[in-house]
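Asker: What shape does this take:
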Amino acid sequence: MTPLTSATRAGSTRRSSASIVALCFVIIVYDGYDLVVYGATVPSLLAYEPWQLTAGQIGAIGSYALVGMLLGALLSGWLASRIGARAIILGSLISFSVLMGLTALAPNPEVFGLLRFLGGLGLGGVVPTVIALTVEYSPPARRQFNNALMYSGYSVGGMLAALAALALLPENSFRIMYALGLLPLVTIVPLVWRYLPESAAFLVGKGRTDEARALADKFGIDVPAPAAGPASTGTMTSLVTGPRRIPLLLLVVASFCGLLLVYGINTWLPNIMRQAGYSLGSSLSFLLVLNLGAIVGALLASRAADRFGSKPVTITSFLLAVLAILTLGTGLPLSAAMAVVAVAGLGTVGTQILVNGYVATYFGENERTAALGLSLGLGRVGAIFGPILGGWIASSALGVEWNFYTFAAFAALGCLAVALVSRSAASTPHPSSTVPGTSQLTASASSEEL
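Answerer: Residues are numbered from 1 along each chain as shown. Purely as a prediction, here's the structure:
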């Protein structure tokens, strides 16, 4: 094999990683739409007379998809070393698309909730897998940025859900919003089947080193060494019993808080802002601004994380969430409230993107997908609890300001959890231990545990 020069390798990496980031971005756009669409349709569901849903029931149904996501994320972490990333991503895409279409036909709330739960299995399975694949195929100095760029698709999907609701819901049933979830079947699924590569770490683990070397040449990466022993096999058991179980636990807590904020606020923000005195159109616009702020804020913050490390930037982002959420409870004019909601987008959705990136760079190639499956899977308890918590507050005698107090408290807890994570180098193999016969990158991986 002819060694590549540094310049040629770098150019190859930029071009190749961009194609993977683009594919994973579109996947997450649909994932984000399928989740945020529920929050966008909450006012319509409450007003749908045949079902006569209460705020408490709406909160419970909102949690069903998240229970499915919890199980799906854990399942993907368990399956990653067995069937590979491509099979997980394709299976997840097809399943949640078909189930979204069926949700549009649900005859009653019980079937509606069941279909949201089953769809959540696919939604949960795709997220940790695309994050791990994006980080694996990204240059070390751009891992956080590429992850944030890819995962900003979640907020784009949320914006599309809000825009579709503004355009369609005034004159149409909520069902049309769920029917749009069939689009991945004819858009992104064929492209993923044709162009998305398998994880090189998975191929090495299966002894398919020739295929891994071919991917290394094509995408400008190094092939990770085979697991050196039971402690580095990357299974969930080895992670929860290994030397970094405490940092993993703290990152699970951070993910719990981040996902509670993401799903609690995305589900209830339109209704909370209506209770605070804003019109229906304005309250749906807040959802749009929240996700726009998340996109811009997460991209800027991820560049800082690549330069200064994930830990200080994630702590700062959680603190911004605390300040923004508390400020929203002070009765701001519409324009000022919109600006603060944009900052809250960084502090909620943007912070969770940073937490995911922190987990992906804290752990090495052999552990990455399993670690993300654990952090996102167990963290989904927060995602389940968030909509229920919002529904409980909405149906209680507590004032609307208690929504802000409660969500700000969880943002503070997430900030504390990240602050307590110890410094540790990711368990990436030393260049001398990579699979023989592949060219090596001249740049070393940057430390993310500052």
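
Asker: Give me the nearest residue to the most centrally placed residue in the chain, chain neighbours excluded.
Answerer: Closest to where the C-alpha atoms of the chain average out (C-alpha atoms, centre = their mean) is residue 127, at 5.6 Å. Take residue 127 and drop its neighbours on the chain: the residue closest to it by C-beta to C-beta, 6 or more residues apart in numbering is residue 376, 5.9 Å away. C-betas here are computed from N, CA, C, even on glycine.

Asker: residues of the helix or strand encompassing the one you found that come out buried?
Answerer: Secondary structure from DSSP states H and E places residue 376 in helix 368-395. Within helix 368-395, the residues scored as buried using 16 or more other C-beta atoms under 10 Å are 368-394.

Asker: So for stretch 82-95, mean pLDDT?
Answerer: Taken as a whole, stretch 82-95 carries a mean pLDDT of 91.

Asker: Now tell me what touches it from outside.
Answerer: Residues outside stretch 82-95 that contact it (C-beta atoms under 8 Å, 6 or more residues apart in numbering) are 27, 30, 72, 76, 79-80, 118-119, 121-123, 125-126, 129-130, 132-133, 184-185, 188-189, 192-193, 196-199, 202-203, 369.

Asker: again, but for stretch 410-423
Answerer: For stretch 410-423, contacts defined as C-beta under 8 Å, 6+ apart pick out 246-247, 250-251, 253-254, 256-258, 260-261, 311, 314-315, 318-319, 321-322, 325, 347-348, 351, 355, 358, 362, 382, 449-450.

Asker: Which neighbouring elements make contact with the host helix or strand of the residue nearest to the centre of the chain?
Answerer: Counting by DSSP H and E, the element that carries residue 127 is helix 109-136. Applying 3 or more C-beta pairs under 8 Å, 6 or more residues apart in numbering; DSSP states H and E, one finds that helix 109-136 contacts helix 6-47, helix 55-83, helix 85-103, helix 143-168, helix 351-362, helix 368-395.

Asker: Who are the contact partners of the closest residue to residue 23 other than its chain neighbours?
Answerer: Among residues not flanking residue 23 along the chain, residue 196 sits closest, at 5.3 Å (C-beta to C-beta, 6+ apart). Residues in contact with residue 196 (C-beta under 8 Å, 6+ apart) are 20, 23, 24, 85, 86, 89, 133.

Asker: can you pick the most crowded of those?
Answerer: Among the contacts of residue 196, residue 133 has the most neighbours (other C-beta atoms under 10 Å), with 29 neighbours.

Asker: Give me the buried positions along stretch 58-74.
Answerer: Neighbour-count burial for stretch 58-74 flags 58-74 (criterion: 16+ other C-beta under 10 Å).

Asker: still on that earlier bit, which of the contacts of stretch 410-423 fall within strands?
Answerer: Residues of the contacts of stretch 410-423 located in strands (DSSP state E): none.

Asker: least trustworthy helix or strand in this structure by mean pLDDT?
Answerer: Within the chain, confidence by mean pLDDT, DSSP states H and E is lowest for helix 236-241 among all helices and strands, at a mean of 67.

Asker: low pLDDT regions in the chain?
Answerer: 1-16, 224-238, 240-242, 275-284, 397, 399-400, 423-450 (pLDDT under 70).

Asker: just to revisit the earlier point, list buried members of the contacts of stretch 410-423 by neighbour count.
Answerer: If we count by 16+ other C-beta under 10 Å, the contacts of stretch 410-423 have these buried: 247, 250-251, 253-254, 256-258, 260-261, 311, 314-315, 318-319, 321-322, 325, 347-348, 351, 355, 358, 362, 382, 449.

Asker: can you state the direction angle for the helix or strand that residue 302 is a member of and helix 143-168?
Answerer: Following DSSP H and E, the helix or strand that holds residue 302 is helix 280-308. With axes from the mean of the first three to the mean of the last three C-alpha atoms, to 10 degrees as the basis, helix 280-308 and helix 143-168 are set at 170 degrees to each other.

Asker: Which neighbouring elements make contact with helix 280-308?
Answerer: Packing partners of helix 280-308 (3+ C-beta pairs under 8 Å, 6+ apart): helix 6-47, helix 143-168, helix 245-275, helix 310-328, helix 334-345, helix 351-362.

Asker: Pipe the helices and strands packed on helix 109-136 into JSON lines and attach distance to residue 299 per row.
Answerer: JSON lines is the format used below for the helices and strands packed on helix 109-136 (distance: least, C-beta to C-beta, whole Å):
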{"stretch": "helix 6-47", "distance to residue 299": "12"}
{"stretch": "helix 55-83", "distance to residue 299": "24"}
{"stretch": "helix 85-103", "distance to residue 299": "23"}
{"stretch": "helix 143-168", "distance to residue 299": "5"}
{"stretch": "helix 351-362", "distance to residue 299": "9"}
{"stretch": "helix 368-395", "distance to residue 299": "20"}
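
Asker: Out of those, the one nearest residue 274 is which?
Answerer: Shortest separation from residue 274 across those is recorded for helix 6-47, at 7.3 Å, computed as C-beta to C-beta.

Asker: quick one: that closest one to helix 245-275, angle?
Answerer: Using the same axes, to 10 degrees: helix 6-47 against helix 245-275 is 50 degrees.

Asker: Tell me how far the nearest residue to residue 25 once chain neighbours are set aside lies from residue 188.
Answerer: Distances taken as C-beta to C-beta, 6+ apart place residue 153 nearest to residue 25, at 4.2 Å, with adjacent residues excluded. Distance of residue 153 to residue 188, given as C-beta to C-beta, to the nearest Å: 11 Å.

Asker: same thing with residue 398?
Answerer: Residue 398 sits 42 Å away from residue 188 when distances are taken as C-beta to C-beta.
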